[in-house]
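> give me a 3D structure for the following:
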Amino acid sequence: MIYGKKFVDGFQLHEHYSHPNVARYSQNYSTQQRYFDLLQNRASPFLFEIVEEIDRRGLPMEFALLPMVESSYNPNAYSKQHAVGLWQFIGATGSSFGLQQDWWFDGRRDPLASTHAALDYMEQLYKRFDEDWLLALAAYNTGDGNLRKAIRKNDDEEINFWNLNLPEETEAHVPKLLALSAIIADNDAWNIELEPLANEPILRSVQIGTQIDLSQAARLAEIEYEQLRALNPGYLQWATHPDQPQEMLLPLKNATLLESALVGIDKHDLLTWDRYEIKPGDTLGAIAARLNTRVDVLQTFNYLVGSRIKAGESLLIPRTNDPELLSSAPRMARLKTSECPQVPSQYVVRDGDNLWVIAKRFQLRSIEIAAWNQIPLNELLQPGQILNLSYAIEDKNKTLEVKISDSAAFYVVRSGDNMDAIASRFSIDLQMLLLWNELSIDELIFPGQELRVIPGSLGN
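Now for the predicted structure:
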């Protein structure tokens, strides 16, 4: 069990575990030990706080498992419908529940902020749909309007989740959660191993009180930069917010180290950022002189090759009294060459990217990238989002990114993938793809899983 008796005793939906639709998913999940290993690894940093908040509200403890269905407990999950985070909020819904979304920070990616918003939303749906948790879960997935439409079309006198005609995704969504709950409630009976997690916090929030470069915070806290970013996925750029939030979650020991280090530092010596909107007639040299910085600093922190800039776009202006900090900032590598890297057919958005940065990197036009991807020119890009750049290269260069070994090639499953779509993408017969990967047609695949797509020694 994850948190032992307290956790499982909080489950409230047991009466539905035996439903035939749930039992089918339970049987499927019961063969997926690797899936549970992945989920526990991803959930473990945040699960204590999520469980405590659910317990405080007296809600069904099964909700702590909902991010397993929504996002495979990946705070950076990004769906085709532009839903983001553990709890898969779209922008408008997230905003309506108070989740901050701007250039610096996305509360939908913040595990704790998004948890509070998701539970607020669930409580609202519960009251709206006759205090029926299954209907609330269905509405969470498909939307209030779609569920009401299904209820209106229902001919049965009794309204319950199981007799509604809902989208296929929603019909699967609720029984998947119940199936996971049934297995975790009695994992030994299902022959699934779960690592015990201590019933105590492993993270603590540190209030910085000013903007700080995340790489500098990692150095002061004596923690790997990648781990700090993984624990604080709400920050979209390489620093905390200029205003709020200016806090971060860290393991207890590292939190203490950071607090101690900040005591002896003048906040004016911390690297902070301004954002400058380029005006008609501006030059890079003039902007540097006006803002008391250097041209090479602007080029480094904005991925600029040369001095060409465009009115209406923005520059990041690093602010610090410590020139050594500027020269050693590891987050942004200096561009040492004006050579343009080869344009990929698909580009995976990274932290700090925007359309202009990506266009500069590959010597493309941001307006064309926006048009080909059917997004606004000022779109707030999300790390992990896929951009189509195939229009900019010849057909013969169009490739799908795969991991190559000496004998085969492997595709890394993305959120929203299914076996049929992957087979079609690589022009592989579905049955052959299943055979190469020793999978059945109804077996679960999950983001991050590697699938053999070129069989190597197995033959084509």
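> need phi/psi at residue 146.
phi -60, psi -40 (degrees, to the nearest 10).
> what's the residue nearest to it when sequence neighbours are not counted sitting at in phi/psi?
In space, and not counting its chain neighbours, residue 146 is closest to residue 167: 7.0 Å by C-beta to C-beta, 6 or more residues apart in numbering. Backbone N, C-alpha and C define where each C-beta goes, glycine included. Per-residue torsions, residue 167: phi -60, psi 150 (degrees, to the nearest 10).
> ok, residue 167 to residue 173 distance?
9 Å (C-beta to C-beta, to the nearest Å).
> one more: residue 39?
On the measure of C-beta to C-beta, residue 39 and residue 173 end up 16 Å apart.
> next, residue 217: secondary structure please.
helix (DSSP: H, G, I helix; E, B strand; the rest coil).
> tell me the pLDDT at it?
What the model reports for residue 217 is a pLDDT of 92.
> same check on residue 396?
31.
> picking that back up, more crowded one of residue 167 and residue 173?
Between residue 167 and residue 173, counted using other C-beta atoms under 10 Å, residue 173 has the larger neighbour count: 20 against 14.
> and the spatially closest residue to residue 81 that is not a sequence neighbour, what does it touch?
Leaving aside its chain neighbours, residue 81 sits nearest to residue 90 (6.5 Å; criterion: C-beta to C-beta, 6+ apart). Residues counted as contacts of residue 90 (C-beta atoms under 8 Å, 6 or more residues apart in numbering) are 81, 82, 83, 84.
> how close does the nearest residue to the second one once chain neighbours are set aside sit to residue 166?
Think residue 82. Spatial nearest neighbour of residue 82, chain neighbours left out: residue 90 (5.8 Å); criterion: C-beta to C-beta, 6+ apart. For residue 90, the distance to residue 166 equals 19 Å [C-beta to C-beta].
> including distance to residue 417 and neighbour count, could the contacts of residue 90 go into CSV?
CSV is the format used below for the contacts of residue 90 (distance: C-beta to C-beta, whole Å; neighbours: other C-beta atoms under 10 Å):
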residue, distance to residue 417, neighbour count
81, 15, 9
82, 17, 15
83, 15, 19
84, 17, 29
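> which of these sits closest to residue 374?
Nearest to residue 374 out of the contacts of residue 90 is residue 82 (C-beta to C-beta; 11.6 Å).
> hang on, residue 347 in a strand?
Yes: the assignment for residue 347 is a strand, going by three-state DSSP.
> in the protein, what residue spans correspond to strands?
203-207, 247-251, 272-277, 314-319, 346-348, 386-388, 403-404, 409-412, 450-454 (DSSP state E).
> so the residue nearest to residue 146 sits against residue 138, correct?
No: Residue 167 is not in contact with residue 138 according to C-beta atoms under 8 Å; the separation is 9.5 Å.
> so who does residue 91 touch?
Counting by C-beta under 8 Å, 6+ apart, residue 91 has contacts 82, 84, 101, 108.
> tell me the two of those that are most distant?
Longest span within the contacts of residue 91, C-beta to C-beta: 82 and 101, 11.5 Å.
> got a pLDDT number for the residue nearest to residue 82?
Value listed for residue 90 in the pLDDT field: 92.
> cool, residue 400 as well?
41.
> for this protein, what helix or strand is lowest in average pLDDT?
strand 403-404 (a mean of 48; mean pLDDT, DSSP states H and E).
> ok, now which ones touch the nearest residue to residue 261 once chain neighbours are set aside?
Leaving aside its chain neighbours, residue 261 sits nearest to residue 220 (3.9 Å; criterion: C-beta to C-beta, 6+ apart). Residue 220 makes contact with 257, 258, 261, 262, 265, according to C-beta under 8 Å, 6+ apart.
> quick check: residue 379 touching residue 369?
No: counting by C-beta under 8 Å, residue 379 does not reach residue 369; the two are 9.7 Å apart.
> identify the contacts common to the two.
What both residue 379 and residue 369 touch, as defined by C-beta under 8 Å, 6+ apart, is the set residue 355.
> who has more neighbours out of those two?
residue 369 (23 against 17).
> who's in contact with that one?
Contacts for residue 369 (C-beta under 8 Å, 6+ apart) come out as 355, 358, 359, 387, 389.
> then residue 177?
62, 65, 66, 68, 69, 137.
> tell me which of those fall in helices.
66, 68, 69, 137 (DSSP state H).
> gap between the last one and residue 59?
The one in question is residue 137. Residue 137 sits 12 Å away from residue 59 when distances are taken as C-beta to C-beta.
> how about the third one?
Counting by C-beta to C-beta, the gap between residue 69 and residue 59 amounts to 16 Å.
> now swap in the first one and tell me
According to C-beta to C-beta, residue 66 and residue 59 sit 11 Å apart.
> which one's more surrounded, the two?
residue 66 (28 against 18).
> the more buried one reaches residue 87, doesn't it?
Yes: using C-beta under 8 Å, residue 66 makes contact with residue 87 at a distance of 7.2 Å.
> list the residues that contact both of the two?
residue 118.
> contact partners for residue 46?
Contacts of residue 46 (C-beta under 8 Å, 6+ apart): 75, 86, 111, 112, 115, 203.
> residue 198: neighbour count?
Residues lying near residue 198 (other C-beta under 10 Å) number 10.
> again, but for residue 216
Other residues close to residue 216 by other C-beta under 10 Å number 24.
> domain ranges for the protein, per the record?
Here the domain assignment for the chain is 5-185, 203-269, 272-328, 346-397, 403-458, based on automatic domain parsing.
> the helices in the stretch 151-300 of the chain, which residues?
Per DSSP state H, counting those that start in this stretch, the stretch 151-300 of the chain carries helices over the ranges 168-185, 214-221, 225-231, 252-263, 284-290, 295-301.
> nearest to residue 145, out of those?
When the helices of the stretch 151-300 of the chain are compared (using C-beta to C-beta), the closest one is helix 168-185, at 12.7 Å.
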